[in-house]
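**Q** need coordinates for the following:
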Amino acid sequence: MIFFSIMVGFSAAGQSISISRIDMQKDKLIIFFKLEDANPNHLYQVSLYASKDNFASPLNKVIGDVGTEVKPGNNKKIEWDMVKELGSYSGDLELEIRAGVFVPFVKLTSFSNEEKYKRGKAYPLLWSSGNMGGQVDIDLIKDQTRVAGDRNVPNTGKYEYAIPGSVKPGMYQLKFTNTRNRDEYVYSEVFRIVPKVPFIAKAGAALLVGGGIYLLLNTAGGDNTTPPTEPDLERWPDIPGN
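**A** Prediction:
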């Protein structure tokens, strides 16, 4: 069994965060909280931390009003999947919600979530930053889990990012993290990774090779018998005049 205590790590003039209630639903912990600000146009970066690593890194298996660009409001919640994050952990566990006005240290300028990105290919990433210099980690994220990434990339505003050929097709995000302050991170919009060669093209090539082998086998012995018609295969069009 896990015993929890919840803390908040933010309070400033005209701004505050407070816990409303905590619910347990099967393997998930749901934290309801208020994020109050006299300026409703402010956006926040909200993170949930745990004492399992001495509050060093934010928890990953979280959804809801967490991450970047969270708006102030009274009906906020974070849903944390404890089993996926902790496994068979037991004992005391302290949690802490940290929130701060969101000022993105990186803003992507060359990325389109409408484009389909092919695995095994490299793409130029361009971004702006109010504090160029230092280094960033660029991680490939699927379902809130890091599957690949490049560490200690110079924060120069440009980088040639190669999508690993080993990742599975699907929906992903890129995560930029400031190596000097890991509380500063930015996610891209969700985008799609597709195979470098579409499956239909591969299947078509296999059919063509198979057809060639069939033809050779049926002509090698001098048998001029016309092969049976394949009604499901598309024929080449007849040449005009023949």
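
**Q** where does pLDDT dip in the protein?
**A** For the chain, applying pLDDT under 70 flags the ranges 1-6, 9-13, 198-242.

**Q** list the contacts for Asp65?
**A** Residues in contact with Asp65 (CB atoms under 8 Å, 6 or more residues apart in numbering) are 33, 35, 46, 73, 76-78. Every residue, glycine included, has its C-beta placed from N, CA and C.

**Q** what subset of those is buried?
**A** 33, 35, 46, 76-78 (16 or more other CB atoms under 10 Å).

**Q** of the residues you listed, which belong to strands?
**A** Among these, the members falling in strands (DSSP state E) are 33, 35, 46, 76-78.

**Q** may I see these arranged in CSV, with distance to Asp139 as well?
**A** Output for these, formatted as CSV (distance: CB to CB, whole Å):
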residue, distance to Asp139
Phe33, 27
Leu35, 26
Val46, 19
Lys76, 26
Lys77, 25
Ile78, 21
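
**Q** which one of those residues sits closest to Lys142?
**A** Ile78 (20.4 Å; CB to CB).

**Q** so how far is Asp37 from the closest one?
**A** For Ile78, the distance to Asp37 (CB to CB, to the nearest Å) stands at 18 Å.

**Q** which of the contacts of Asp65 sit farthest apart?
**A** Farthest-apart pair in those is Gly73 and Ile78; separation 13.1 Å (CB to CB).

**Q** circling back: what's the closest of the buried ones among the contacts of Asp65 to Arg180?
**A** Distances from Arg180 to the buried ones among the contacts of Asp65, taken by CB to CB, are shortest for Val46, at 20.4 Å.

**Q** run through the bridge partners of that closest one.
**A** Gly67, Ala99 (DSSP bridges).

**Q** that one contacts Ile97, correct?
**A** Yes. Assessed by CB atoms under 8 Å, Val46 is found in contact with Ile97 at 6.7 Å.

**Q** okay, and the common contacts of those two?
**A** By CB under 8 Å, 6+ apart, the residues touching both Val46 and Ile97 are Ile78.

**Q** show me the contacts for the residue lying closest to Leu86 once chain neighbours are set aside.
**A** Using CB to CB, 6 or more residues apart in numbering and skipping residues adjacent in sequence, the residue nearest Leu86 is Lys52, 7.0 Å away. Contacts for Lys52 were tallied using CB under 8 Å, 6+ apart; they are 86, 89, 93.

**Q** would you list the residues you listed in TSV and tack on neighbour count, distance to Leu125 and secondary structure?
**A** Output for those, formatted as TSV (neighbours: other CB atoms under 10 Å; distance: CB to CB, whole Å; DSSP: H, G, I helix; E, B strand; the rest coil):
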residue	neighbour count	distance to Leu125	secondary structure
Leu86	17	33	helix
Tyr89	12	36	coil
Leu93	16	37	strand
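
**Q** and these, which is closest to Ile163?
**A** Leu86 (30.2 Å).

**Q** what about the closest one, distance to Tyr123?
**A** 35 Å.

**Q** then Ser88?
**A** To Tyr123, Ser88 is 40 Å away according to CB to CB.

**Q** neighbour count: these two, which is higher?
**A** Between Ser88 and Tyr123, counting by other CB atoms under 10 Å, Tyr123 is the more crowded of the two (14 against 5).

**Q** the helix or strand hosting that one - contacts with which helices or strands?
**A** If you go by DSSP states H and E, Tyr123 is part of strand 122-128. Judged by 3 or more CB pairs under 8 Å, 6 or more residues apart in numbering; DSSP states H and E, the packing partners of strand 122-128 are strand 107-108, strand 158-162.

**Q** the helix or strand following the shortest one pairs with which strands, parallel or anti?
**A** So that's strand 107-108. Downstream of strand 107-108, the next assigned helix or strand under DSSP H and E is strand 116-118. Sheet pairing of strand 116-118 (DSSP bridges) gives strand 191-194 (parallel).
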